[in-house]
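K.L.:
sharing a model prediction with you, sequence too.
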Amino acid sequence: MTTIATLLASTISSVWPDAEGLPVADEIRGLLAVPPDPAMGDYAFPCFRLAKPLRSAPPKIAEALCAAWKNEDTASVQPVNGYMNFFLNRANFAAGIMAELQEKKDRFGSGEEGKGKTVCLDYSSINIAKRFHIGHLSSTMLGHSLKRIFDFLGYETVGINHLGDWGTQFGKMVCAYKKWGKKEDVEERGIDAMTELYVRFHKEAETNPALEDEGRAWFKKIEDNDPEAMEIFRWFKEVTLKDAARVYDKLGVSFDSYAGESFYIDKTEPVIQALRDKNLLTESQGAQVVDLSEDNMPPCLIIKSDGTTIYATRDLAAALYRQNTYHFDKCLYVVAYQQDLHFRQIFRVLEKMDYPWAKGCVHVSFGMISFEGEALSTRKGNVVLLEDLLDQAVSKAREIIEEKSPNLENKDEVARQVGIGAVVYTDLSNNRIKDIDFRWDRALNFDGESGPYVQYTHARCCSVLRKAPDFSGVTPDWSALTDDEAQALLRLISRFPDVIREAAAKYEPSMITRAVTDIAQAYNKYYYEHRILDGEPAQAAARVALTDAAKTVIKTGLYLIGIEAPERM
Ligand SMILES: NC(=[NH2+])NCCC[C@H](N)C(=O)O
(Lines give C-alpha, C1' and ligand atoms only; values in the text may rest on other atoms or scores of the structure.)
Protein backbone atom coordinates (compact mmCIF):
# COMPACT_ATOMS: atom_id res chain seq x y z
CA MET A 1 0.00 0.00 0.00
CA THR A 2 2.85 2.33 0.88
CA THR A 3 4.56 1.49 -2.40
CA ILE A 4 1.41 2.19 -4.37
CA ALA A 5 0.86 5.45 -2.53
CA THR A 6 4.40 6.59 -3.28
CA LEU A 7 4.20 5.57 -6.94
CA LEU A 8 0.83 7.21 -7.32
CA ALA A 9 2.09 10.43 -5.77
CA SER A 10 4.89 10.62 -8.32
CA THR A 11 2.51 9.71 -11.17
CA ILE A 12 0.20 12.56 -10.13
CA SER A 13 2.99 15.09 -10.01
CA SER A 14 4.37 13.92 -13.37
CA VAL A 15 0.97 14.40 -15.04
CA TRP A 16 0.24 17.75 -13.38
CA PRO A 17 3.64 19.20 -12.46
CA ASP A 18 2.33 22.70 -11.83
CA ALA A 19 -0.94 22.04 -10.03
CA GLU A 20 -1.27 23.02 -6.40
CA GLY A 21 -3.11 21.44 -3.48
CA LEU A 22 -2.61 17.85 -4.65
CA PRO A 23 -2.33 15.07 -2.05
CA VAL A 24 1.07 13.74 -1.05
CA ALA A 25 1.93 10.07 -0.50
CA ASP A 26 0.81 10.05 3.12
CA GLU A 27 -2.62 11.37 2.31
CA ILE A 28 -2.93 9.06 -0.67
CA ARG A 29 -2.20 6.09 1.55
CA GLY A 30 -5.11 7.12 3.72
CA LEU A 31 -7.38 7.52 0.70
CA LEU A 32 -6.59 4.14 -0.85
CA ALA A 33 -9.47 1.78 -0.16
CA VAL A 34 -10.02 -1.93 -0.53
CA PRO A 35 -12.98 -2.47 -2.87
CA PRO A 36 -15.70 -4.69 -1.40
CA ASP A 37 -15.75 -6.72 -4.63
CA PRO A 38 -12.29 -8.22 -5.38
CA ALA A 39 -13.19 -8.13 -9.09
CA MET A 40 -12.84 -4.35 -8.80
CA GLY A 41 -9.20 -4.68 -7.84
CA ASP A 42 -7.07 -5.02 -4.73
CA TYR A 43 -7.05 -1.30 -4.05
CA ALA A 44 -8.99 1.66 -5.36
CA PHE A 45 -8.05 5.30 -5.38
CA PRO A 46 -11.02 7.69 -5.46
CA CYS A 47 -10.06 10.56 -7.77
CA PHE A 48 -12.70 12.89 -6.31
CA ARG A 49 -10.14 14.44 -4.03
CA LEU A 50 -8.29 15.77 -7.12
CA ALA A 51 -11.36 17.22 -8.83
CA LYS A 52 -11.20 20.61 -7.17
CA PRO A 53 -7.46 21.37 -7.42
CA LEU A 54 -7.40 20.15 -11.03
CA ARG A 55 -10.82 21.55 -11.98
CA SER A 56 -11.63 18.41 -13.80
CA ALA A 57 -14.11 15.54 -13.54
CA PRO A 58 -13.03 12.44 -11.53
CA PRO A 59 -13.56 9.95 -14.43
CA LYS A 60 -11.29 12.07 -16.62
CA ILE A 61 -8.66 12.25 -13.91
CA ALA A 62 -8.83 8.48 -13.38
CA GLU A 63 -8.29 7.94 -17.10
CA ALA A 64 -5.34 10.28 -17.29
CA LEU A 65 -3.70 8.64 -14.28
CA CYS A 66 -4.22 5.13 -15.58
CA ALA A 67 -2.71 6.12 -18.94
CA ALA A 68 0.35 7.53 -17.16
CA TRP A 69 0.78 4.62 -14.74
CA LYS A 70 4.08 2.88 -15.48
CA ASN A 71 4.74 0.39 -12.76
CA GLU A 72 3.13 -2.80 -14.02
CA ASP A 73 5.51 -4.79 -11.82
CA THR A 74 3.62 -3.57 -8.82
CA ALA A 75 0.10 -3.37 -10.17
CA SER A 76 -1.94 -2.92 -13.33
CA VAL A 77 -4.61 -0.26 -13.27
CA GLN A 78 -8.08 0.40 -14.64
CA PRO A 79 -10.25 3.52 -14.53
CA VAL A 80 -13.82 2.87 -13.33
CA ASN A 81 -16.33 5.63 -12.54
CA GLY A 82 -13.85 8.09 -11.15
CA TYR A 83 -11.85 5.42 -9.36
CA MET A 84 -8.44 4.22 -10.27
CA ASN A 85 -8.49 0.49 -9.55
CA PHE A 86 -5.27 -1.34 -8.83
CA PHE A 87 -4.73 -5.00 -9.54
CA LEU A 88 -1.63 -6.08 -7.72
CA ASN A 89 0.92 -8.16 -9.45
CA ARG A 90 0.32 -10.82 -6.84
CA ALA A 91 3.56 -12.77 -7.12
CA ASN A 92 5.66 -9.60 -7.00
CA PHE A 93 3.62 -8.28 -4.11
CA ALA A 94 4.24 -11.51 -2.19
CA ALA A 95 7.94 -11.49 -3.07
CA GLY A 96 8.34 -7.90 -1.87
CA ILE A 97 6.78 -8.47 1.55
CA MET A 98 8.50 -11.78 2.09
CA ALA A 99 11.87 -10.23 1.29
CA GLU A 100 11.23 -7.50 3.85
CA LEU A 101 10.19 -10.00 6.48
CA GLN A 102 13.14 -12.24 5.88
CA GLU A 103 15.43 -9.28 6.30
CA LYS A 104 13.81 -7.69 9.36
CA LYS A 105 12.36 -10.75 11.06
CA ASP A 106 11.00 -9.85 14.49
CA ARG A 107 11.94 -6.21 13.85
CA PHE A 108 9.44 -6.09 10.98
CA GLY A 109 7.38 -2.96 11.54
CA SER A 110 9.96 -1.33 13.80
CA GLY A 111 11.47 2.02 12.97
CA GLU A 112 13.90 4.78 13.72
CA GLU A 113 11.51 7.70 13.55
CA GLY A 114 11.69 8.16 17.29
CA LYS A 115 15.46 8.42 17.41
CA GLY A 116 16.59 11.19 19.72
CA LYS A 117 13.08 11.75 21.07
CA THR A 118 11.91 10.86 24.55
CA VAL A 119 8.46 9.80 25.69
CA CYS A 120 7.63 9.74 29.40
CA LEU A 121 4.76 7.46 30.33
CA ASP A 122 2.97 7.87 33.65
CA TYR A 123 0.99 4.66 34.11
CA SER A 124 -0.39 2.28 36.71
CA SER A 125 0.35 4.95 39.37
CA ILE A 126 -1.20 3.06 42.25
CA ASN A 127 -2.04 4.38 45.69
CA ILE A 128 -0.25 3.34 48.85
CA ALA A 129 -2.16 1.22 51.35
CA LYS A 130 -4.74 0.29 48.74
CA ARG A 131 -5.16 -3.00 47.00
CA PHE A 132 -4.49 -3.33 43.32
CA HIS A 133 -7.97 -3.73 41.94
CA ILE A 134 -9.09 -4.54 38.45
CA GLY A 135 -9.62 -0.87 37.64
CA HIS A 136 -5.85 -0.38 37.68
CA LEU A 137 -5.43 -2.96 34.99
CA SER A 138 -6.18 -0.63 32.09
CA SER A 139 -3.71 2.02 33.14
CA THR A 140 -1.05 -0.59 33.73
CA MET A 141 -1.51 -2.48 30.48
CA LEU A 142 -2.18 0.53 28.24
CA GLY A 143 0.93 2.23 29.56
CA HIS A 144 3.02 -0.92 29.30
CA SER A 145 1.88 -1.51 25.73
CA LEU A 146 2.42 2.11 24.66
CA LYS A 147 5.90 1.97 26.11
CA ARG A 148 6.71 -1.08 24.00
CA ILE A 149 5.18 0.53 20.92
CA PHE A 150 7.23 3.71 21.27
CA ASP A 151 10.36 1.68 22.02
CA PHE A 152 9.74 -0.29 18.84
CA LEU A 153 9.61 2.94 16.85
CA GLY A 154 12.98 4.03 18.19
CA TYR A 155 11.92 6.43 20.93
CA GLU A 156 13.63 6.66 24.26
CA THR A 157 10.95 5.82 26.83
CA VAL A 158 10.67 6.38 30.57
CA GLY A 159 8.05 4.39 32.49
CA ILE A 160 6.92 6.16 35.63
CA ASN A 161 4.75 4.81 38.42
CA HIS A 162 3.55 8.09 39.94
CA LEU A 163 2.66 6.62 43.32
CA GLY A 164 -0.20 8.09 45.30
CA ASP A 165 1.85 8.32 48.47
CA TRP A 166 0.93 11.66 49.96
CA GLY A 167 -2.13 12.95 51.78
CA THR A 168 -3.78 13.34 55.17
CA GLN A 169 -5.14 9.79 54.99
CA PHE A 170 -1.64 8.51 55.71
CA GLY A 171 -1.58 10.48 58.96
CA LYS A 172 -4.83 8.82 59.95
CA MET A 173 -3.49 5.43 59.05
CA VAL A 174 -0.33 5.89 61.11
CA CYS A 175 -2.47 7.18 63.97
CA ALA A 176 -4.74 4.14 63.80
CA TYR A 177 -1.74 1.86 63.67
CA LYS A 178 -0.25 3.47 66.78
CA LYS A 179 -3.53 3.00 68.62
CA TRP A 180 -4.70 -0.42 67.55
CA GLY A 181 -2.25 -1.92 65.09
CA LYS A 182 0.00 -4.94 65.45
CA LYS A 183 3.23 -5.28 63.60
CA GLU A 184 2.85 -9.00 62.88
CA ASP A 185 -0.67 -8.47 61.61
CA VAL A 186 0.39 -5.85 59.06
CA GLU A 187 3.36 -7.96 58.12
CA GLU A 188 1.17 -10.97 57.59
CA ARG A 189 -1.94 -9.53 55.99
CA GLY A 190 -0.41 -6.40 54.49
CA ILE A 191 -2.86 -4.06 52.84
CA ASP A 192 -5.90 -5.81 54.27
CA ALA A 193 -4.68 -5.02 57.79
CA MET A 194 -3.96 -1.41 56.83
CA THR A 195 -7.39 -1.01 55.29
CA GLU A 196 -9.04 -2.36 58.44
CA LEU A 197 -7.14 0.17 60.54
CA TYR A 198 -8.27 2.96 58.26
CA VAL A 199 -11.90 1.84 58.37
CA ARG A 200 -11.76 1.60 62.15
CA PHE A 201 -10.31 5.09 62.35
CA HIS A 202 -13.30 6.51 60.50
CA LYS A 203 -15.79 4.55 62.52
CA GLU A 204 -14.37 5.68 65.83
CA ALA A 205 -13.96 9.26 64.61
CA GLU A 206 -17.75 9.45 64.19
CA THR A 207 -18.19 9.34 67.96
CA ASN A 208 -14.79 10.76 68.86
CA PRO A 209 -14.09 13.87 66.76
CA ALA A 210 -10.79 14.52 68.56
CA LEU A 211 -9.41 11.58 66.63
CA GLU A 212 -9.43 13.63 63.44
CA ASP A 213 -7.08 16.13 65.09
CA GLU A 214 -4.81 13.33 66.15
CA GLY A 215 -4.75 12.02 62.60
CA ARG A 216 -3.88 15.49 61.32
CA ALA A 217 -1.13 15.77 63.90
CA TRP A 218 0.37 12.51 62.64
CA PHE A 219 0.28 13.77 59.11
CA LYS A 220 2.03 16.92 60.25
CA LYS A 221 4.72 14.67 61.71
CA ILE A 222 5.11 12.94 58.37
CA GLU A 223 5.42 16.34 56.73
CA ASP A 224 8.05 17.35 59.27
CA ASN A 225 10.01 14.17 58.69
CA ASP A 226 9.50 12.94 62.24
CA PRO A 227 11.49 9.68 62.50
CA GLU A 228 8.79 7.56 64.10
CA ALA A 229 6.03 8.70 61.76
CA MET A 230 8.30 8.32 58.75
CA GLU A 231 9.35 4.85 59.71
CA ILE A 232 5.78 3.60 59.90
CA PHE A 233 4.77 5.42 56.75
CA ARG A 234 7.76 4.08 54.80
CA TRP A 235 7.01 0.62 55.99
CA PHE A 236 3.38 0.88 54.80
CA LYS A 237 4.74 1.90 51.46
CA GLU A 238 7.12 -1.01 51.33
CA VAL A 239 4.36 -3.49 52.17
CA THR A 240 2.13 -2.03 49.45
CA LEU A 241 4.86 -2.12 46.84
CA LYS A 242 5.75 -5.69 47.71
CA ASP A 243 2.13 -6.62 47.11
CA ALA A 244 2.06 -4.73 43.84
CA ALA A 245 5.34 -6.29 42.72
CA ARG A 246 3.66 -9.69 42.69
CA VAL A 247 1.00 -8.40 40.31
CA TYR A 248 3.54 -6.59 38.12
CA ASP A 249 5.54 -9.80 37.94
CA LYS A 250 2.54 -11.74 36.77
CA LEU A 251 1.81 -9.14 34.13
CA GLY A 252 5.46 -8.79 33.11
CA VAL A 253 5.34 -5.06 33.74
CA SER A 254 8.18 -2.92 35.08
CA PHE A 255 8.99 0.75 35.63
CA ASP A 256 12.00 2.98 35.31
CA SER A 257 10.89 5.21 38.17
CA TYR A 258 8.63 5.05 41.19
CA ALA A 259 8.83 8.77 41.91
CA GLY A 260 5.36 9.49 43.25
CA GLU A 261 3.62 12.38 44.94
CA SER A 262 5.81 12.44 48.04
CA PHE A 263 8.87 12.79 45.82
CA TYR A 264 7.62 16.21 44.77
CA ILE A 265 6.82 17.64 48.19
CA ASP A 266 10.10 19.52 48.34
CA LYS A 267 9.82 20.48 44.68
CA THR A 268 6.58 22.44 44.76
CA GLU A 269 8.13 25.68 46.03
CA PRO A 270 9.85 26.64 42.73
CA VAL A 271 6.59 26.01 40.85
CA ILE A 272 4.67 28.23 43.22
CA GLN A 273 7.36 30.88 42.87
CA ALA A 274 7.20 30.67 39.08
CA LEU A 275 3.41 31.02 39.17
CA ARG A 276 3.80 34.04 41.39
CA ASP A 277 6.48 35.59 39.17
CA LYS A 278 4.25 35.16 36.16
CA ASN A 279 1.35 36.78 38.00
CA LEU A 280 -0.80 33.73 37.62
CA LEU A 281 -1.74 33.19 41.26
CA THR A 282 -4.83 34.82 42.67
CA GLU A 283 -6.40 34.55 46.07
CA SER A 284 -9.75 32.93 46.52
CA GLN A 285 -11.24 32.42 49.99
CA GLY A 286 -7.81 32.19 51.55
CA ALA A 287 -6.52 29.75 48.96
CA GLN A 288 -4.15 30.40 46.06
CA VAL A 289 -5.53 29.47 42.66
CA VAL A 290 -4.87 29.91 38.95
CA ASP A 291 -7.91 31.44 37.35
CA LEU A 292 -9.02 29.49 34.29
CA SER A 293 -12.35 31.16 33.65
CA GLU A 294 -11.20 32.29 30.20
CA ASP A 295 -10.80 28.64 29.36
CA ASN A 296 -14.22 27.76 30.78
CA MET A 297 -12.73 25.73 33.56
CA PRO A 298 -12.95 26.04 37.31
CA PRO A 299 -9.84 27.56 38.92
CA CYS A 300 -6.88 25.26 39.48
CA LEU A 301 -6.23 25.10 43.22
CA ILE A 302 -2.52 25.41 44.06
CA ILE A 303 -2.28 26.12 47.80
CA LYS A 304 -5.11 25.40 50.21
CA SER A 305 -6.12 27.94 52.82
CA ASP A 306 -4.19 25.95 55.44
CA GLY A 307 -1.02 26.45 53.40
CA THR A 308 -0.67 22.89 52.10
CA THR A 309 -0.33 21.85 48.48
CA ILE A 310 -2.60 19.46 46.62
CA TYR A 311 -2.49 16.72 43.99
CA ALA A 312 -2.47 19.36 41.22
CA THR A 313 0.49 21.27 42.69
CA ARG A 314 2.47 18.08 42.84
CA ASP A 315 1.54 17.21 39.26
CA LEU A 316 2.83 20.61 38.13
CA ALA A 317 6.08 19.98 39.99
CA ALA A 318 6.27 16.50 38.48
CA ALA A 319 5.82 17.81 34.94
CA LEU A 320 8.63 20.33 35.44
CA TYR A 321 10.87 17.74 37.01
CA ARG A 322 10.27 15.31 34.16
CA GLN A 323 11.00 17.96 31.56
CA ASN A 324 14.20 19.02 33.32
CA THR A 325 15.33 15.45 33.94
CA TYR A 326 14.29 13.61 30.79
CA HIS A 327 13.71 16.46 28.32
CA PHE A 328 10.63 14.67 27.08
CA ASP A 329 9.00 15.39 23.74
CA LYS A 330 5.84 13.79 25.03
CA CYS A 331 4.61 13.03 28.49
CA LEU A 332 1.69 10.61 28.47
CA TYR A 333 -0.60 10.34 31.47
CA VAL A 334 -2.43 7.04 31.27
CA VAL A 335 -5.22 7.75 33.73
CA ALA A 336 -8.98 7.06 33.81
CA TYR A 337 -11.28 9.62 32.15
CA GLN A 338 -12.59 10.73 35.56
CA GLN A 339 -9.45 12.83 35.85
CA ASP A 340 -10.08 14.58 32.57
CA LEU A 341 -10.68 17.99 34.15
CA HIS A 342 -7.63 17.67 36.38
CA PHE A 343 -5.33 17.13 33.41
CA ARG A 344 -6.95 19.80 31.27
CA GLN A 345 -6.32 22.22 34.14
CA ILE A 346 -2.72 21.13 34.67
CA PHE A 347 -1.85 21.31 30.99
CA ARG A 348 -3.50 24.70 30.65
CA VAL A 349 -1.61 26.07 33.65
CA LEU A 350 1.67 24.83 32.12
CA GLU A 351 0.76 26.61 28.90
CA LYS A 352 -0.03 29.79 30.77
CA MET A 353 3.41 29.48 32.35
CA ASP A 354 4.74 29.68 28.79
CA TYR A 355 6.46 26.33 28.76
CA PRO A 356 6.65 25.39 25.08
CA TRP A 357 6.84 21.71 25.99
CA ALA A 358 3.38 21.83 27.62
CA LYS A 359 1.81 20.85 24.33
CA GLY A 360 3.66 17.55 24.57
CA CYS A 361 1.62 16.57 27.62
CA VAL A 362 -1.25 14.23 26.79
CA HIS A 363 -3.94 12.66 28.93
CA VAL A 364 -4.41 9.14 27.57
CA SER A 365 -7.74 8.42 29.17
CA PHE A 366 -9.74 5.21 29.28
CA GLY A 367 -13.13 3.88 30.36
CA MET A 368 -14.22 1.64 33.19
CA ILE A 369 -14.13 -2.10 33.56
CA SER A 370 -17.16 -3.93 34.79
CA PHE A 371 -17.07 -7.55 35.66
CA GLU A 372 -19.64 -10.05 34.41
CA GLY A 373 -22.03 -7.14 33.95
CA GLU A 374 -21.47 -5.56 37.34
CA ALA A 375 -19.85 -2.18 37.80
CA LEU A 376 -16.90 -2.14 40.15
CA SER A 377 -17.23 0.13 43.08
CA THR A 378 -15.31 0.00 46.29
CA ARG A 379 -18.31 1.19 48.23
CA LYS A 380 -20.53 -1.70 47.28
CA GLY A 381 -17.75 -4.01 48.31
CA ASN A 382 -17.59 -5.89 45.02
CA VAL A 383 -14.06 -4.92 44.19
CA VAL A 384 -12.59 -7.59 42.04
CA LEU A 385 -8.99 -7.81 43.02
CA LEU A 386 -6.67 -7.97 40.10
CA GLU A 387 -4.47 -10.62 41.59
CA ASP A 388 -7.43 -12.93 42.23
CA LEU A 389 -8.64 -12.33 38.71
CA LEU A 390 -5.24 -13.20 37.25
CA ASP A 391 -4.94 -16.33 39.39
CA GLN A 392 -8.41 -17.45 38.41
CA ALA A 393 -7.65 -16.84 34.76
CA VAL A 394 -4.57 -19.02 35.01
CA SER A 395 -6.37 -21.87 36.73
CA LYS A 396 -9.26 -21.74 34.26
CA ALA A 397 -6.77 -21.77 31.39
CA ARG A 398 -5.09 -24.73 33.06
CA GLU A 399 -8.36 -26.67 33.00
CA ILE A 400 -8.99 -25.94 29.34
CA ILE A 401 -5.45 -26.94 28.40
CA GLU A 402 -5.74 -30.14 30.40
CA GLU A 403 -8.81 -30.98 28.35
CA LYS A 404 -7.54 -29.87 24.94
CA SER A 405 -3.90 -30.89 25.11
CA PRO A 406 -3.48 -33.52 27.83
CA ASN A 407 0.00 -34.38 26.54
CA LEU A 408 1.44 -30.89 26.58
CA GLU A 409 4.72 -30.78 28.49
CA ASN A 410 4.86 -27.47 30.34
CA LYS A 411 1.17 -27.05 31.09
CA ASP A 412 1.66 -24.74 34.07
CA GLU A 413 3.82 -22.33 32.15
CA VAL A 414 1.45 -22.29 29.17
CA ALA A 415 -1.57 -21.87 31.44
CA ARG A 416 0.11 -18.84 32.96
CA GLN A 417 0.79 -17.32 29.54
CA VAL A 418 -2.71 -18.07 28.28
CA GLY A 419 -4.58 -17.02 31.42
CA ILE A 420 -2.79 -13.69 31.72
CA GLY A 421 -2.98 -13.20 27.96
CA ALA A 422 -6.75 -13.68 28.07
CA VAL A 423 -7.15 -10.90 30.63
CA VAL A 424 -4.76 -8.51 28.93
CA TYR A 425 -6.28 -9.10 25.50
CA THR A 426 -9.73 -8.26 26.84
CA ASP A 427 -8.41 -5.09 28.37
CA LEU A 428 -6.77 -3.95 25.14
CA SER A 429 -9.37 -5.15 22.66
CA ASN A 430 -11.55 -2.06 22.37
CA ASN A 431 -10.99 1.64 21.89
CA ARG A 432 -9.58 2.64 25.22
CA ILE A 433 -12.28 5.18 25.94
CA LYS A 434 -15.00 2.51 25.75
CA ASP A 435 -16.09 0.79 28.93
CA ILE A 436 -15.18 -2.88 29.13
CA ASP A 437 -17.36 -5.68 30.36
CA PHE A 438 -15.14 -8.54 31.34
CA ARG A 439 -16.68 -11.98 30.77
CA TRP A 440 -14.94 -15.26 31.38
CA ASP A 441 -16.59 -17.10 28.52
CA ARG A 442 -15.44 -14.45 26.06
CA ALA A 443 -11.95 -13.93 27.47
CA LEU A 444 -11.18 -17.64 27.44
CA ASN A 445 -12.98 -18.62 24.26
CA PHE A 446 -10.30 -20.36 22.22
CA ASP A 447 -12.38 -20.01 19.06
CA GLY A 448 -13.56 -16.43 19.38
CA GLU A 449 -11.76 -13.13 19.20
CA SER A 450 -9.58 -13.66 22.21
CA GLY A 451 -6.04 -13.80 23.48
CA PRO A 452 -6.02 -17.61 23.55
CA TYR A 453 -7.27 -17.72 19.96
CA VAL A 454 -4.41 -15.54 18.71
CA GLN A 455 -1.89 -17.43 20.84
CA TYR A 456 -3.25 -20.72 19.54
CA THR A 457 -2.77 -19.55 15.97
CA HIS A 458 0.81 -18.66 16.78
CA ALA A 459 1.36 -22.13 18.23
CA ARG A 460 -0.24 -23.61 15.11
CA CYS A 461 2.25 -21.75 12.91
CA CYS A 462 5.07 -23.03 15.10
CA SER A 463 3.78 -26.56 14.74
CA VAL A 464 3.68 -26.27 10.92
CA LEU A 465 7.24 -24.93 10.97
CA ARG A 466 8.40 -27.81 13.16
CA LYS A 467 6.98 -30.30 10.70
CA ALA A 468 8.41 -28.59 7.63
CA PRO A 469 11.49 -30.10 6.00
CA ASP A 470 14.60 -27.99 5.64
CA PHE A 471 14.04 -25.71 2.65
CA SER A 472 17.20 -23.69 3.11
CA GLY A 473 18.61 -24.68 -0.32
CA VAL A 474 15.30 -24.08 -2.12
CA THR A 475 14.38 -20.80 -3.80
CA PRO A 476 10.73 -20.24 -2.95
CA ASP A 477 8.30 -19.86 -5.82
CA TRP A 478 6.25 -16.84 -4.78
CA SER A 479 3.67 -17.54 -7.46
CA ALA A 480 2.42 -20.17 -4.99
CA LEU A 481 1.10 -17.26 -2.91
CA THR A 482 -1.19 -15.68 -5.49
CA ASP A 483 -4.43 -17.30 -4.27
CA ASP A 484 -7.04 -15.15 -2.50
CA GLU A 485 -6.34 -16.48 1.01
CA ALA A 486 -2.59 -15.97 0.82
CA GLN A 487 -3.09 -12.52 -0.65
CA ALA A 488 -5.57 -11.52 2.03
CA LEU A 489 -3.04 -12.57 4.67
CA LEU A 490 -0.17 -10.81 2.90
CA ARG A 491 -2.16 -7.64 2.65
CA LEU A 492 -2.80 -7.62 6.39
CA ILE A 493 0.86 -8.30 7.07
CA SER A 494 1.91 -5.51 4.72
CA ARG A 495 -0.30 -3.09 6.63
CA PHE A 496 1.13 -4.08 10.01
CA PRO A 497 3.89 -1.43 10.10
CA ASP A 498 1.28 1.27 9.37
CA VAL A 499 -0.95 -0.08 12.13
CA ILE A 500 1.86 0.25 14.68
CA ARG A 501 2.36 3.89 13.70
CA GLU A 502 -1.34 4.62 13.83
CA ALA A 503 -1.56 2.98 17.24
CA ALA A 504 1.30 5.21 18.43
CA ALA A 505 -0.23 8.36 16.95
CA LYS A 506 -3.59 7.68 18.57
CA TYR A 507 -2.21 6.07 21.75
CA GLU A 508 -4.44 3.15 20.90
CA PRO A 509 -2.95 -0.33 21.45
CA SER A 510 -6.32 -1.85 20.53
CA MET A 511 -5.44 -1.21 16.87
CA ILE A 512 -2.65 -3.72 17.26
CA THR A 513 -4.96 -6.16 19.05
CA ARG A 514 -7.31 -5.84 16.07
CA ALA A 515 -4.50 -6.34 13.57
CA VAL A 516 -3.09 -9.51 15.18
CA THR A 517 -6.60 -10.93 15.45
CA ASP A 518 -7.24 -10.26 11.75
CA ILE A 519 -3.90 -11.81 10.85
CA ALA A 520 -4.65 -14.87 12.98
CA GLN A 521 -8.05 -15.27 11.32
CA ALA A 522 -6.55 -14.85 7.86
CA TYR A 523 -3.87 -17.41 8.63
CA ASN A 524 -6.39 -19.94 9.88
CA LYS A 525 -8.46 -19.48 6.75
CA TYR A 526 -5.34 -20.04 4.68
CA TYR A 527 -4.42 -23.08 6.75
CA TYR A 528 -7.78 -24.73 6.18
CA GLU A 529 -7.86 -24.05 2.44
CA HIS A 530 -4.30 -25.04 1.56
CA ARG A 531 -2.00 -27.95 2.07
CA ILE A 532 1.09 -26.14 3.15
CA LEU A 533 3.71 -28.87 3.10
CA ASP A 534 2.51 -30.79 0.00
CA GLY A 535 3.57 -30.47 -3.63
CA GLU A 536 6.60 -28.93 -5.31
CA PRO A 537 9.35 -28.00 -2.81
CA ALA A 538 9.67 -24.48 -4.26
CA GLN A 539 5.96 -23.93 -3.72
CA ALA A 540 5.89 -25.56 -0.32
CA ALA A 541 8.85 -23.40 0.65
CA ALA A 542 6.83 -20.30 -0.24
CA ARG A 543 3.88 -21.44 1.88
CA VAL A 544 6.16 -22.29 4.76
CA ALA A 545 7.76 -18.85 4.48
CA LEU A 546 4.28 -17.31 4.63
CA THR A 547 3.58 -19.34 7.77
CA ASP A 548 6.81 -18.10 9.26
CA ALA A 549 5.84 -14.53 8.38
CA ALA A 550 2.43 -14.91 10.05
CA LYS A 551 4.07 -16.39 13.13
CA THR A 552 6.59 -13.59 13.38
CA VAL A 553 4.06 -10.80 12.97
CA ILE A 554 1.60 -12.35 15.44
CA LYS A 555 4.38 -12.73 17.98
CA THR A 556 5.51 -9.14 17.53
CA GLY A 557 1.94 -7.86 17.74
CA LEU A 558 1.28 -9.82 20.92
CA TYR A 559 4.54 -8.57 22.37
CA LEU A 560 3.51 -4.99 21.65
CA ILE A 561 0.31 -5.43 23.62
CA GLY A 562 2.12 -7.19 26.45
CA ILE A 563 1.10 -10.79 25.75
CA GLU A 564 3.41 -13.79 25.52
CA ALA A 565 3.30 -16.21 22.62
CA PRO A 566 3.77 -19.87 23.61
CA GLU A 567 5.13 -22.15 20.88
CA ARG A 568 2.97 -25.09 21.87
CA MET A 569 -0.50 -25.07 23.34
N1 LIG B 1 0.52 12.14 37.49
C2 LIG B 1 -0.61 11.58 37.81
N3 LIG B 1 -1.57 12.32 38.34
N4 LIG B 1 -0.80 10.28 37.56
C5 LIG B 1 -1.94 9.54 37.89
C6 LIG B 1 -2.09 9.22 39.33
C7 LIG B 1 -3.29 8.36 39.60
C8 LIG B 1 -3.71 8.30 41.04
N9 LIG B 1 -2.71 7.74 41.90
C10 LIG B 1 -4.98 7.47 41.13
O11 LIG B 1 -4.92 6.27 41.38
O12 LIG B 1 -6.05 8.01 40.90
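P.N.:
On my side now, so go ahead.

K.L.:
is there proximity between the helix or strand hosting residue 244 and the ligand?
P.N.:
If you go by DSSP states H and E, residue 244 is part of helix 227-251. No - applying CB under 6 Å from any ligand atom, one finds helix 227-251 out of contact with the ligand, separated by at least 12.0 Å. Every C-beta, even on glycine, is put in place using the N, C-alpha and C of the backbone.

K.L.:
the helix or strand following that helix packs against which elements?
P.N.:
The helix or strand immediately downstream of helix 227-251 is helix 268-277, counting by DSSP H and E. Contacts defined by 3 or more CB pairs under 8 Å, 6 or more residues apart in numbering; DSSP states H and E place helix 268-277 against strand 300-303, helix 311-326.

K.L.:
identify each buried residue in stretch 521-538, please.
P.N.:
Within stretch 521-538, the residues that count as buried by 16 or more other CB atoms under 10 Å are 521, 522, 523, 524, 526, 527, 530, 532, 537.

K.L.:
return only those of those found close to the ligand.
P.N.:
Counting by CB under 6 Å from any ligand atom, no member of the buried residues of stretch 521-538 reaches the ligand.

K.L.:
phi, psi of the residue of the stretch 151-300 of the chain found nearest the ligand?
P.N.:
Using CB to the nearest ligand atom, the single residue of the stretch 151-300 of the chain nearest to the ligand is residue 164, 3.4 Å away. Dihedral pair for residue 164: phi -80, psi 90, per degrees, to the nearest 10.

K.L.:
residue 372 too?
P.N.:
phi 50, psi 40.

K.L.:
check contacts around it.
P.N.:
Contacts for residue 372 (CB atoms under 8 Å, 6 or more residues apart in numbering) come out as 437, 438, 439, 440.

K.L.:
pLDDT at it, what is it?
P.N.:
You'll see residue 372 listed with a pLDDT of 84.

K.L.:
show me the strands in the stretch 351-500 of the chain, by range?
P.N.:
361-364, 369-371, 374-375, 436-438 (DSSP state E, counting those that start in this stretch).

K.L.:
rebuild the ones you listed as JSON lines, extending it with distance to the ligand.
P.N.:
Listed next are the strands of the stretch 351-500 of the chain as JSON lines, based on distance: least, CB to the nearest ligand atom, whole Å:
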{"stretch": "strand 361-364", "distance to the ligand": "9"}
{"stretch": "strand 369-371", "distance to the ligand": "14"}
{"stretch": "strand 374-375", "distance to the ligand": "17"}
{"stretch": "strand 436-438", "distance to the ligand": "18"}
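
K.L.:
need the ones you listed in JSON lines with mean neighbour count, can you?
P.N.:
Output for the strands of the stretch 351-500 of the chain, formatted as JSON lines (neighbours: other CB atoms under 10 Å):
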{"stretch": "strand 361-364", "mean neighbour count": "20"}
{"stretch": "strand 369-371", "mean neighbour count": "19"}
{"stretch": "strand 374-375", "mean neighbour count": "12"}
{"stretch": "strand 436-438", "mean neighbour count": "19"}
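
K.L.:
need these in CSV (columns: distance to residue 512).
P.N.:
Shown next, in CSV, are these (distance: least, CB to CB, whole Å):
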stretch, distance to residue 512
strand 361-364, 15
strand 369-371, 19
strand 374-375, 28
strand 436-438, 17
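
K.L.:
element containing the closest residue to the ligand within the stretch 1-150 of the chain?
P.N.:
Proximity to the ligand, evaluated over the stretch 1-150 of the chain using CB to the nearest ligand atom, is greatest for residue 125 at 3.7 Å. Residue 125 is part of no helix or strand when elements are defined by DSSP H and E.
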